[in-house]
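Asker: Everything below, folded, please.
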Amino acid sequence: MSVVFSVVLLTLSGISLLWIIVQNVSILRIERIATLVERVEQTYPPFRILGLSDFLSPPKPSADEQAEQALADLKQQYVDGEITEAEFERKVDRLVASESIDEVRAAHERKQVKDDTASSNRM
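Answerer: Model prediction:
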């Protein structure tokens, strides 16, 4: 009985140690590796508990980074002659307008949360 307990304890300790090492080691966040690990997690559900695909996947770009990339793509299309100057200006205007709409929406949501918090504090 004590041998079985020792084996189980040793196995759990090894898994825990491996998990701590994996979390703390700086592993290159390569999309291919993350995709492979994600497929393994889909095929073998017990591996989902580890969450390695989330750990390995590259960070998602922020809204500002996405907007900068979209503008850079538009500039490249214009330079390559894929779009005309009028199309370029129209698309840039759309990009700026959508950012403005997002900013207005976010400000409205912040105000609503602030108002909800204030009204709940009054009660």
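Asker: what mean pLDDT would you report for stretch 97-112?
Answerer: Average pLDDT, stretch 97-112: 66.
Asker: name the element the nearest residue to Leu56 once chain neighbours are set aside belongs to?
Answerer: Sequence neighbours aside, Ala34 is the residue nearest to Leu56 in space, at 4.1 Å (criterion: C-beta to C-beta, 6 or more residues apart in numbering). C-beta coordinates here come from the backbone N, C-alpha and C atoms, glycine included. If you go by DSSP states H and E, Ala34 is part of helix 31-43.
Asker: Now do the buried residues in the helix or strand that that helix is followed by.
Answerer: Downstream of helix 31-43, the first helix or strand assigned by DSSP H and E is helix 52-56. Residues of helix 52-56 classed as buried by neighbour count (16 or more other C-beta atoms under 10 Å): Leu52, Ser53, Leu56.
Asker: Let me have the residues you listed in CSV, extended by pLDDT.
Answerer: Listed next are the buried residues of helix 52-56 as CSV, based on pLDDT from 0 to 100:
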residue, pLDDT
Leu52, 75
Ser53, 73
Leu56, 71
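Asker: still on that earlier bit, can you dump the C-alpha atoms of the helix holding Ala34 in CSV for me?
Answerer: Extracted in CSV, the C-alpha atoms of helix 31-43 (Å, rounded to 0.1, in the frame of the first residue of the first chain):
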residue,chain,number,x,y,z
GLU,A,31,2.3,29.9,-34.1
ARG,A,32,3.1,26.4,-35.6
ILE,A,33,3.9,25.0,-32.2
ALA,A,34,0.8,26.6,-30.7
THR,A,35,-1.3,25.2,-33.5
LEU,A,36,0.1,21.7,-33.0
VAL,A,37,-0.5,21.9,-29.2
GLU,A,38,-4.0,23.1,-29.9
ARG,A,39,-4.7,20.1,-32.1
VAL,A,40,-3.3,17.8,-29.4
GLU,A,41,-5.6,19.4,-26.9
GLN,A,42,-8.6,18.9,-29.2
THR,A,43,-7.7,15.3,-29.9
